[in-house]
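[1] Take a look and give me a structure for this.
(chains A and B)
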Amino acid sequence: MAVESIDPKLLERLYRSLLRIRRVEEEIARLYPGNDIKSPVHLSIGQEAVSVGVCEALEPDDVVFGTYRGHAMYLAKGGNLDRMIAELYGRIDGCARGKGGSMHLVDVAAGVMGTSAVVATTIPNAVGYAYAMKVKRDPRVVVSFLGDGATEEGVFYESLNFAALKRLPILFVCENNGYAIYTHQARRQATLDICGRVRAFGVEAQAIEDGDVFRIHETAAAALAGLRSGRSGPQFIECPTSRWREHVGPGEDFDLGFRSRDDEAHWFEKDPVAGLAAMMSPDERSRIDAAVEEEIAEAFARAARSPFPGPEELARHVFHER
Amino acid sequence: MNDSPVRTLSYVDAIREATDREMARDENVILFGLDVDDPKAILGTTRGLADKYGAERVFGTPLSEDAMTGAAIGMALAGLRPIHVHIRMDFVMLAMNQLVNMAAKSSYMFGGQQHVPLVVRSIIGKSWGQGAQHSQGLYPFFMHVPGLKVAAPSTPYDAKGCMSAAVRDDNPVMFVEHRILYYQNGPVPDADYQVEPGRARIAMPGTDVTLVGISYMQVECMRAQRYLESAGVSAEVIDPIWLAPLDIDTIVASVKRTGRLLVVDNGWTTCGAGAEILAAVSEVCAEGPPLPMKRMGFAPVPCPTTPSLEAHFYPNARTIAAAAYDLVRGAPQGWLPAERDDLKSIEFKGPF
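    Down below sits the predicted model:
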């Protein structure tokens, strides 16, 4: 995309969001060996553009459902950073009061409805939420973030069918990083044409092959406009992307032999954080960088100061407390 | 409610009435599942509701138990109060991930930010060769999981009150029905009322032995009580009504009076509801005198289809009476009452 055609405000928002997610997760990775983070972490580093591009197209009260690799979605949708880090630290100020951890981030006020450790599990939850929006004549739309592995689960196809049958206001976003843990898509799927399979269910589908955050944003915005106006039924966007770190944990996994650094090199070259940084004026960039660093430092410091939940918390919230 | 007319209703009509009343009271209540809007209307329990409330609030679903359960959870998160119906409890196995990993845990693992007001109805089958995959009482699976409530009403009165309470509950409730209970008729007030979670009922007071009958086995226990009465044994019969939360206090108080306990489960005994009740009573009564206790339930095999084998698969009023009689006498007596016409089990005939 030509630089001159980009709205500078949009550029600034996208850059800030991409950088913020990248730096939060780099801090998580840096601090992880200190054992203050008491949670498995599935880092989104390398995949940020998908969440950032899609969530930029959402209204604050639209809702998203996601996966255990959910830091990027949570932050891009406006989930509270302090409460996310406190959750990773297992503290009472965490978004789930220290009972959910990294894999179950939630911020209902921001429209982050929850994430699941079990692959594909939130897909039908998102569909049900969309059904409620339709029945209630509520104009909000729903985004279901899922991975390529989730497209191998039966519930994905059941969910597509019901969403199409009822013409629900939902956008499915497949973050295809090519791997289910260490197993490549080609070793798991007889054909790699996820969009083709989706279309067979009567759901419009398109892929954005290059991971460009502006293109993801534009495509999502167009799909969401169709949903909001009622012109279109459920939509599906596949975003090939790249997981730069290991499946779970702070490190890389190129030493394991299942993929090489060269395999992912074309994604490193397309790093959206560096790409958007280069599009901005140095002054503006350093202003944003400084603000992001300050916010992150404060979030980790607050988390470290927050108390652990006391024993009285153990039995709370098994059932709803009015 | 005291002035409310009390009618004789069937179990079917009690469930239908409770559903109708809750849907009329709260527009967020919606009803769906395979075939809820078809001509058979889930054996009559959903009859007329699709016409009354429209296709958005009452609808048959694709054959997608997993996704529809997940969708029900999503609807609940958005403020609806779904009732999801399975005409066979066995089909709920297709939805276990959503029930166990999401519905039961959303309140807790999201730190109280989410809750899931959801009712999952399912019906246990019995007889006429329904066999291994249409006759299972799998409710202990759900009793095991924190975050789920389990109701198993046996009377029309409790069916209506439990359904109303389940719909108004802010948590997931597994609502366990039994095909043979659909033939039950009984007094049901016209007024709205709730049979709240965690309260058992003494269905018949007695002094010599406590019988706890779960779901349909409550009916067989009530018949067993009559056989025992004719043999000079006074049985107290308790219907737990709700299995989770379980009113163990009422059962313990009864056992302390009678000194003996027989739990008759509508499922297998291993890790079953009966096992849980016996264990809980044992713990509470550990300091007292030894308590003769026994579990009964399905034979530890898949349910066979032929009547000649099925007869040995289920407890019945006579075998329950015989087991209770032995508990009271303290040793096997070899007594098995002759079958009485007035205490015969309803013979279910097909096709379905």
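
[2] Backbone dihedrals for A:Glu246, please?
    Backbone dihedrals for A:Glu246, given as degrees, to the nearest 10, come out at phi -70, psi 170.

[3] can you list the domains in chain B?
    B:6-189, B:201-343 (automatic domain parsing).

[4] what about B:Arg199, how many residues close to it?
    14 (other Cβ atoms under 10 Å in any protein chain shown). No exception for glycine: its C-beta is placed from N, CA and C like everyone else's.

[5] Was I right to think it contacts B:Trp242?
    Yes. Using Cβ atoms under 8 Å, B:Arg199 is in contact with B:Trp242, at 6.9 Å.

[6] which one is B:Ile277 nearest to, not counting chain neighbours?
    With sequence-adjacent residues excluded and distances taken as Cβ to Cβ, 6 or more residues apart in numbering or on different chains, B:Ile277 is closest to B:Val263, at 5.0 Å.

[7] and the domains of chain B as JSON lines, adding mean neighbour count?
    Shown next, in JSON lines, are the domains of chain B (neighbours: other Cβ atoms under 10 Å in any protein chain shown):
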{"stretch": "domain B:6-189", "mean neighbour count": "22"}
{"stretch": "domain B:201-343", "mean neighbour count": "19"}
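
[8] Now render those domains as a markdown table, adding mean pLDDT.
    As requested, those are exported to a markdown table (pLDDT from 0 to 100):
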| stretch | mean pLDDT |
| --- | --- |
| domain B:6-189 | 97 |
| domain B:201-343 | 97 |
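
[9] quick one, which of the ones you listed is nearest to A:Val52?
    domain B:6-189 (23.4 Å; Cβ to Cβ).

[10] Setting aside sequence neighbours, what's the nearest residue to B:Asn101?
    A:Val118 (5.2 Å).

[11] Could you tell me how many residues sit around that neighbour?
    A:Val118: 17 neighbours (other Cβ under 10 Å).

[12] What of A:Tyr179?
    Residues near A:Tyr179, counting by other Cβ under 10 Å: 20.

[13] same question, A:Asp36
    Neighbour tally, A:Asp36, other Cβ under 10 Å: 15.

[14] Secondary structure element holding it?
    Using DSSP states H and E, A:Asp36 is not contained in any helix or strand.

[15] How much space separates it from B:Arg21?
    A:Asp36 is 53 Å from B:Arg21, where distance means Cβ to Cβ, to the nearest Å.

[16] what do you get for A:Gly202?
    Taken as Cβ to Cβ, the span from A:Gly202 to B:Arg21 is 37 Å.

[17] and if you look at B:Leu291?
    Distance from B:Leu291 to B:Arg21, by Cβ to Cβ: 42 Å.

[18] Helix or strand: which one has B:Thr210?
    Counting by DSSP H and E, B:Thr210 is found in strand B:209-213.

[19] What are the contacting residues of that strand?
    Contacts to strand B:209-213, defined as Cβ atoms under 8 Å, 6 or more residues apart in numbering or on different chains, come from residues B:154, B:219-222, B:224-225, B:228, B:233-240, B:251, B:254-255, B:257-264, B:274, B:277, B:320, B:324, B:327-328.

[20] mind listing which of these are in helices?
    B:219-222, B:224-225, B:228, B:251, B:254-255, B:257-258, B:274, B:277, B:320, B:324, B:327-328 (DSSP state H).

[21] Around chain A, which positions in the stretch 101-250 of chain B sit nearby?
    B:101-102, B:106-115, B:117, B:146-147, B:170-171 (Cβ under 8 Å from any Cβ of the partner chain).

[22] Next, check the residues you listed against the helices and list the overlap.
    B:106-109.

[23] Skipping adjacent residues, who's closest to B:Gln184 in space?
    Nearest non-adjacent residue to B:Gln184 (Cβ to Cβ, 6+ apart): B:Tyr11, at 4.5 Å.

[24] Correct me if wrong: the one you found contacts B:Pro156.
    Yes. Counting by Cβ under 8 Å, B:Pro156 is a contact partner of B:Tyr11 at 4.9 Å.

[25] any residues in contact with both of those two?
    With Cβ under 8 Å, 6+ apart, B:Tyr11 and B:Pro156 have common neighbours B:184-186.

[26] from those residues, which is closest to B:Ala95?
    The closest of the shared contacts of B:Tyr11 and B:Pro156, once distances to B:Ala95 are taken by Cβ to Cβ, is B:Gln184, at 27.1 Å.

[27] Show me the helices in the stretch 51-200 of chain A, by range?
    A:71-76, A:81-88, A:122-135, A:154-165, A:194-199 (DSSP state H, counting those that start in this stretch).

[28] any chance of these in TSV, with mean neighbour count and distance to chain B too?
    Formatted as TSV, the helices of the stretch 51-200 of chain A follow (neighbours: other Cβ atoms under 10 Å in any protein chain shown; distance: least, Cβ to the nearest Cβ, whole Å):
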stretch	mean neighbour count	distance to chain B
helix A:71-76	28	12
helix A:81-88	25	8
helix A:122-135	28	3
helix A:154-165	23	3
helix A:194-199	18	15
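
[29] With mean pLDDT added, can I get the ones you listed in JSON lines?
    Listed next are the helices of the stretch 51-200 of chain A as JSON lines, based on pLDDT from 0 to 100:
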{"stretch": "helix A:71-76", "mean pLDDT": "98"}
{"stretch": "helix A:81-88", "mean pLDDT": "98"}
{"stretch": "helix A:122-135", "mean pLDDT": "98"}
{"stretch": "helix A:154-165", "mean pLDDT": "98"}
{"stretch": "helix A:194-199", "mean pLDDT": "98"}
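
[30] Of all those helices, which one is nearest A:Met280?
    Using Cβ to Cβ, the helices of the stretch 51-200 of chain A put helix A:71-76 closest to A:Met280, at 18.7 Å.

[31] What helices and strands are in contact with the closest one?
    The contact analysis (3 or more Cβ pairs under 8 Å, 6 or more residues apart in numbering or on different chains; DSSP states H and E) places helix A:71-76 against helix A:8-31, helix A:48-56, strand A:63-67, helix A:81-88, strand A:112-116.

[32] So what touches the last one?
    Spelled out, that is strand A:112-116. A:63-68, A:70, A:73-74, A:77-79, A:103-106, A:122, A:125-126, A:129, B:77, B:101-102, B:106, B:110, B:114.

[33] quick one: contacts for B:Gln225?
    So, once contact is read as Cβ under 8 Å, 6+ apart, B:Gln225 ends up touching B:204, B:206, B:211, B:235, B:237.

[34] again, 10 Å this time
    B:203-204, B:206, B:209, B:211, B:213, B:233-237, B:317, B:320-321, B:324, B:343 (Cβ atoms under 10 Å, 6 or more residues apart in numbering or on different chains).

[35] now A:Asp289, nearest residue through space, not along the chain?
    A:Leu19 (6.8 Å).

[36] Ignore what I typed, I meant A:Leu227.
    In space, A:Leu227 is closest to A:Pro169, 4.4 Å off (Cβ to Cβ, 6+ apart).

[37] The spatially closest residue to A:Gly196 that is not a sequence neighbour is in what secondary structure piece?
    Distance criterion Cβ to Cβ, 6+ apart; nearest residue to A:Gly196, sequence neighbours excluded, is A:Ala205 at 7.7 Å. Using DSSP H and E, A:Ala205 falls within strand A:204-207.
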